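1. Return atomic coordinates for the entry below.
(2 chains)
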Amino acid sequence: MNEMRVKPRTPNEVGVPDPFQYMHPTSIENYGNWDWHERLKPGVLHHVSKSGDDLFTVRAGTQRQMDVYTVRKLCDIGDEFADGHVRFTTRSNIEYMVSDHAKVQPLVDALTEAGFPVGGTGGSVSMISHTQGWLHCDIPGTDASGVVKGLMDDLHKDFITELMPNRVRITTSCCQINCGGQGDIAINVQYTKPPKINHDLVGNVCERPAVVARCPVAAIRPAMVNGKPSLEIDEKKCVCCGACYPPCPPMQINSAESTKIAIWVGGKHSNARSKPTFHKLAVANLPNNPPHWPEVREVVRKILDAYKTDAKHWERVGEWIERIGWARFFEMTDLAFTKHHIDTWTGSRKTMNASAHVHF
Amino acid sequence: MKDANEEKVNPQHETPMLDQLEGGKWPSFVTGIKRLRDTKDAQYAPMMNDLLGQLNHSYEERLGFWKGGTLSVFGYGGGIIPRFSEVAGDYPASKEFHTLRVMPPAGFHYTTDILRKLCDVWEEHGSGLIAFHGQSGDIMFQGCTSENAQPAFDAFNELGFDLGGAGPALRTAMSCVGHARCEQSCFDGVKAHRGIINRLLDEMHRPAMPYKFKFKFSGCGNDCVNAIHRADFAVIGTWRDDIVIKQDMVKEHIKEKGRKYTIDTVVTMCPTRAISLNDDDTMEIDNRSCVRCMHCINVMTKALSPGNDRGASIMIGGKRSLKVGDLMGTMIIPFMKLETDEDFEKLEDFAEEVMEFFADNALEHERIGECIDRIGVPAFLDAMDIVADPNMVNHPTTSSYVRTDDFDVEAAKYFEKKALDAGMTVAADD
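-> The predicted model follows:
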């Protein structure tokens, strides 16, 4: 232990990097001075500044979880066909900015040729916003990148066209914490059984009061099991949310059979027209069936088809359902409405129909 | 880097489940990881072989096999998500597979040059696998040994990048493309984003909060970074004066799209019935009724744009499910002018005050939205010294269970604020 101590490097706390060093020159020149925009075709935006400058954007889908070869490939395309300036959208699409219209088509062709679908604008189904899943998360019920890859293979055509009534934002979450967020369609893990407790480990691994406090329905209480301090669950109270699992891994919530998938609809971030909304349960208990998740894909397709056929231009999924009513939604999608669709959580009375308004 | 562990290097794992995710038209992350695995002599190749092995094992067992732990770099208490394999016996080369969360430039702008440099660092010290971006906005450099976390961070730091947040701390923020490209952007998102986060940076690098705290910045109500749902502190661009109408472009739009279509998609869809179309195909907007939802501006991008008296609304308390259920941010500051340096300083001051309130009042593992739920919005307003505003609610309370003995005092505050606002507006107009 006599090695010479090397003083570690002190971090340079630079914080959020300044984007102006990376921004397209046309963006810098016209920063805060844009006038209008149009979509020239799926995946291609045209912005015009008040000084008359043009900026064209070509948007392409990526797999988000990218190897350095893929990133470099995207960079090669950016250097050869664009101006070397890119950005990413919140849904992991890459955007190339160019000031010369003549560069747009060759750039679109190069991206398409290299397997990066150009689209994700306007009334398209954009890339699914997703979580980490089995690839990296410590509590996942399913994989994220895999479900997304399978779904986006199905939705490829909907990404590269703008044939939906309005934009469709799909999300996936690999546990009920729902890191994937709210979506027009959300594909989320739904646990169906209370955690299985390894009582030999709880006492040493878990901070028990913190775990008790974590439970949203107060179903967990301290207990001595086999002479060891542990925790027990009132299984009648348990809502199988999995909240106790992250702070206490011996309370295993996942299992190959009981971890299921639920699909939710009608979430919306934007304030356009209607106020932002949370997604609502459409169907639960779909099997977690890798690598293709066929049951999930089938339901997503059904919902999208119904929306595409029936919604008015500019209506988002939730707004469409608001207009046609939930009865018609369940009818059009062949999904069941059950007592589990009726909210029982705090504030649930406000989700009930307290009127004589009925859809037939 | 030298291979510190002397464990066996596995032959290539069979990955029958993952192989099925290589076909199809969408870019495949499996194909990408395989390229890393197949890069001869790369330090990460054995790691990525075992990563694929473990992932395929997960697909077969339908279970995850990572557990957390603690890991940080010198001087910081957060920013790295440690992952240790629970099946390291079978997959030893990926037994440590940590993620470095690195803050992106505001607005997610890059040059190909800087992306290549980031790739080079991650090829030398990490797995070669990068996610642009995680749900909080971080660049996620996924897959690094404990030993390599420090040199990897040092190299990123030398390039001008810094670690993001993790644990009970200020988290990495996100801002939309904003002023860099979008005419709908109502405030300088880069300035707000960098101003707030860089001022409060200590709270990110040295976690000491009750729980996480997230900022997000959207230039308008379209909220492209999903701030209302996902941020404890959402800054959403808006304007106070009238929507700017170019009547000639309105006529153009109608000529191109048709009158019925314009009525159906613009006039009828206005949430407050504030728009009417005149007989000569010009447009009339009742701006006092307009709620700045952005819909008509989204449809008629050439004809309509946000007004010129711009700034932001601030909404507090958005979060995901845990623990009381999903919450959206509540409107707390309907309008804050964001133009001058002083305006932005005010925004930063307010952000700091809210963070202080959170640090002092939230319970452990309680988000600010839950904290406000627990104490009620009025108590939060008192603590922040903010006067109640009708824009904070959908409608006034319907419950009579409220104690109103100081109603007159509160009413006086309201009228005083009204007078002050009116006075300031008049002064600003001169």
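2. burial of the closest residue to chain A within the stretch 1-150 of chain B, as a residue count?
-> Residue of the stretch 1-150 of chain B nearest chain A, by CB to the nearest CB: residue B:24 (3.1 Å). Backbone N, C-alpha and C define where each C-beta goes, glycine included. For residue B:24, the tally of surrounding residues (other CB atoms under 10 Å in any protein chain shown) stands at 15.
3. looking at it, it is touching residue A:146, isn't it?
-> No - with contact defined as CB atoms under 8 Å, residue B:24 does not reach residue A:146; the gap is 11.6 Å.
4. Quick one: residues contacting the residue of the stretch 1-150 of chain B closest to chain A.
-> Neighbouring residues of residue B:24 by CB atoms under 8 Å, 6 or more residues apart in numbering or on different chains: A:149, A:150, A:152, A:153, A:156.
5. Just say helix, strand or coil for it.
-> Of the three states, residue B:24 takes coil under DSSP: H, G, I helix; E, B strand; the rest coil.
6. quick revisit: how about the contacts of residue B:24 in CSV, adding neighbour count and pLDDT?
-> Formatted as CSV, these follow (neighbours: other CB atoms under 10 Å in any protein chain shown; pLDDT from 0 to 100):
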residue, neighbour count, pLDDT
A:149, 29, 97
A:150, 23, 95
A:152, 25, 98
A:153, 16, 97
A:156, 17, 98
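7. residue contacts, residue A:228?
-> Counting by CB under 8 Å, 6+ apart, residue A:228 makes contact with A:199, A:200, A:202, A:203.
8. swap in residue B:272?
-> B:289, B:290, B:291.
9. redo that, cut-off 10 Å
-> Contacts were defined as CB atoms under 10 Å, 6 or more residues apart in numbering or on different chains; by that measure residue B:272 touches B:286, B:288, B:289, B:290, B:291, B:293.
10. check which helix or strand covers it.
-> Using DSSP states H and E, residue B:272 sits in no helix or strand.
11. gap between it and residue B:291?
-> The gap separating residue B:272 from residue B:291 is 6 Å, by CB to CB, to the nearest Å.
12. repeat for residue A:358
-> Taking CB to CB as the measure, residue A:358 falls 29 Å from residue B:291.
13. Tell me which residue in chain A sits closest to chain B.
-> residue A:153 (3.1 Å).
14. Redo the contacts of residue A:228 as CSV? Include neighbour count and distance to residue B:14.
-> What follows is the contacts of residue A:228, written out as CSV (neighbours: other CB atoms under 10 Å in any protein chain shown; distance: CB to CB, whole Å):
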residue, neighbour count, distance to residue B:14
A:199, 17, 36
A:200, 13, 34
A:202, 23, 36
A:203, 16, 39
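15. per-domain residue ranges of the chain.
-> All of this refers to chain A. Annotated domains of chain A cover A:19-113, A:133-192+A:256-351, A:196-252 [automatic domain parsing].
16. not quite, I wanted chain B
-> Split by automatic domain parsing, chain B gives B:1-164, B:174-239+B:311-399, B:244-305.
17. one step back: can you redo the domains of chain A as TSV with distance to residue B:237?
-> Shown next, in TSV, are these (distance: least, CB to CB, whole Å):
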stretch	distance to residue B:237
domain A:19-113	11
domain A:133-192+A:256-351	11
domain A:196-252	34
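18. between these, which gets nearest to residue B:30?
-> Ranking the domains of chain A by proximity to residue B:30 (CB to CB) places domain A:133-192+A:256-351 first, at 7.4 Å.
19. got the end-to-end distance for the closest one?
-> 31 Å (CA to CA, to the nearest Å).
20. pLDDT weak spots in the chain?
-> Unless you meant another one, I'm taking chain A. By pLDDT under 70, the weakly predicted segments of chain A are A:1-5.
21. Switch to chain B, please.
-> For chain B, the stretches flagged by pLDDT under 70 are B:1-7, B:424-430.
22. Can you get me a residue count around residue 352?
-> By default, I'm working from chain A. So residue A:352, with other CB under 10 Å, has 9 neighbours.
23. The intended chain is chain B.
-> 14.
24. Extract the CA atoms of stretch B:275-285 and return them as PDB.
-> In PDB, the C-alpha atoms belonging to stretch B:275-285 read as follows (Å, rounded to 0.1, in the frame of the first residue of the first chain):
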ATOM      1  CA  ILE B 275     -61.800  32.800 -34.000                       C
ATOM      2  CA  SER B 276     -64.200  33.800 -36.700                       C
ATOM      3  CA  LEU B 277     -63.700  33.900 -40.400                       C
ATOM      4  CA  ASN B 278     -65.100  37.000 -42.100                       C
ATOM      5  CA  ASP B 279     -67.000  37.000 -45.400                       C
ATOM      6  CA  ASP B 280     -64.000  38.300 -47.200                       C
ATOM      7  CA  ASP B 281     -61.800  35.400 -46.000                       C
ATOM      8  CA  THR B 282     -59.900  37.500 -43.400                       C
ATOM      9  CA  MET B 283     -59.700  36.300 -39.900                       C
ATOM     10  CA  GLU B 284     -60.800  37.800 -36.600                       C
ATOM     11  CA  ILE B 285     -59.400  36.700 -33.200                       C
END
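25. Which positions within that stretch qualify as buried?
-> Within stretch B:275-285, the residues scored as buried using 16 or more other CB atoms under 10 Å in any protein chain shown are B:275, B:277, B:283, B:285.
26. can you check stretch A:242-255 too?
-> Buried residues in stretch A:242-255, counted by 16+ other CB under 10 Å: A:242-251, A:253-255.
27. Kindly report the same for stretch B:153-172.
-> For stretch B:153-172, by 16+ other CB under 10 Å, it's B:153-157, B:161-172.
28. Out of these, list just those in helices.
-> B:153, B:154, B:155, B:156, B:157 (DSSP state H).
29. out of those residues, which touch chain A?
-> B:153, B:154, B:157 (CB under 10 Å from any CB of the partner chain).
30. Dump those to JSON lines, plus distance to residue A:8.
-> Converted to JSON lines, those look like this (distance: CB to CB, whole Å):
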{"residue": "B:153", "distance to residue A:8": "11"}
{"residue": "B:154", "distance to residue A:8": "9"}
{"residue": "B:157", "distance to residue A:8": "12"}
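31. Please tell me how far residue A:147 sits from residue A:300.
-> 10 Å.
32. Of those two, which one has the most company?
-> Neighbour tally, residue A:147 and residue A:300, criterion other CB under 10 Å: the higher count belongs to residue A:147, 28 against 23.
33. unless I'm mixing things up, that one is touching residue A:187, no?
-> Yes - contact status for residue A:147 versus residue A:187: in contact at 6.6 Å, counting by CB atoms under 10 Å.
34. Give me the common contacts of the two.
-> A:128, A:130, A:172, A:174, A:261, A:293, A:296, A:297.
35. Mind picking the two most distant members of those?
-> For these, the maximum inter-member distance is 16.5 Å, found between A:174 and A:297 (CB to CB).
36. Contacts only, for residue 150.
-> The chain I'm using is chain A. Residues in contact with residue A:150, defined by CB under 10 Å, 6+ apart, are A:143, A:290-294, A:296-297, B:20-21, B:23-24, B:26.
37. think we crossed wires, I meant chain B
-> For residue B:150, the contact set (CB under 10 Å, 6+ apart) comprises A:8, A:9, B:71, B:72, B:73, B:74, B:80, B:125, B:144.
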